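Colleague: This is a predicted model, with the sequence first.
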Amino acid sequence: MSQEQGMAERFIGALAQLEEGRDVEPLVATYADDAEVGNINAPEHFHGPDGARHFWTEYRGTFGEMKSEFRNVIATPDRVALEWTTRGTSVDGKPIEYEGVSILEMADEKITRFRAYFDPSALGRQIGG
C-alpha cells in the first residue's frame, strides 16, 4: 500500500470511529500542527489538532446516527480526494442523506488542509426541515 493510500484508509477508519462511537481523537491524530480544517458550510477555518477536534466534534453533534460510504478514493503523493455519501439521522431522528467530496492535502503523513464540498442547503433542509 502506498503512503497516500494509507492516509486515505487512516482517515476513513478514523471517521468511522467518530461516526460510530463519537471518538474524535483518532481523527484529530491525522492532522498536522499547522493544519487548516473547514468545509463549505463553515464560515471560519479551524487550525491544528485543536481546531480539528472542535470542527469534528461540532460536525458529529449535528447528527444522531450516521455512516459514510466512499464511492471513489483518488490518491496522489500529497493529496487525497474522497467522494462520499453520508446517511443517518438528525439529532431528532429525521432521516438524512447527503453526498459530497472531501479534499485532503498532506505532508509528512499528516493532513495539512481539509475541505469538504457538498450542497449545504440540501443538508440544512433535512436537518432543520
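Modeller: Looks like it came in fine.

Colleague: Which elements pack onto the top helix by length along the chain?
Modeller: Longest helix in the chain by number of residues, with DSSP state H as the criterion: helix 3-21. Other helices and strands packing on helix 3-21, by 3 or more Cβ pairs under 8 Å, 6 or more residues apart in numbering; DSSP states H and E, are helix 25-28, helix 48-61, strand 63-75, strand 79-90, strand 95-107. Glycine gets a C-beta too; all of them are placed from N, C-alpha and C.

Colleague: What average pLDDT does it get?
Modeller: Helix 3-21 shows an average pLDDT of 90 in the prediction.

Colleague: How about residues contacting that helix?
Modeller: Identification of contacts with helix 3-21 by Cβ atoms under 8 Å, 6 or more residues apart in numbering yields 1, 23-24, 26-27, 29-30, 56, 60, 66-68, 70, 73, 75-80, 82, 88, 104, 106, 109, 111.

Colleague: re the thing from before, would you tell me which of the helices and strands packed on helix 3-21 gets closest to Ile40?
Modeller: Comparing these against Ile40 with Cβ to Cβ, the closest turns out to be strand 95-107 (8.2 Å).

Colleague: What lies in contact with the closest one?
Modeller: Residues lying outside strand 95-107 but in contact with it, judged by Cβ under 8 Å, 6+ apart, are 4, 7-8, 11, 32, 63, 66, 78-90, 111-119, 122-123, 126-127.

Colleague: same deal with stretch 70-79?
Modeller: The contact list for stretch 70-79, computed with Cβ under 8 Å, 6+ apart, reads 2-5, 7-8, 12, 80-85, 103-107.
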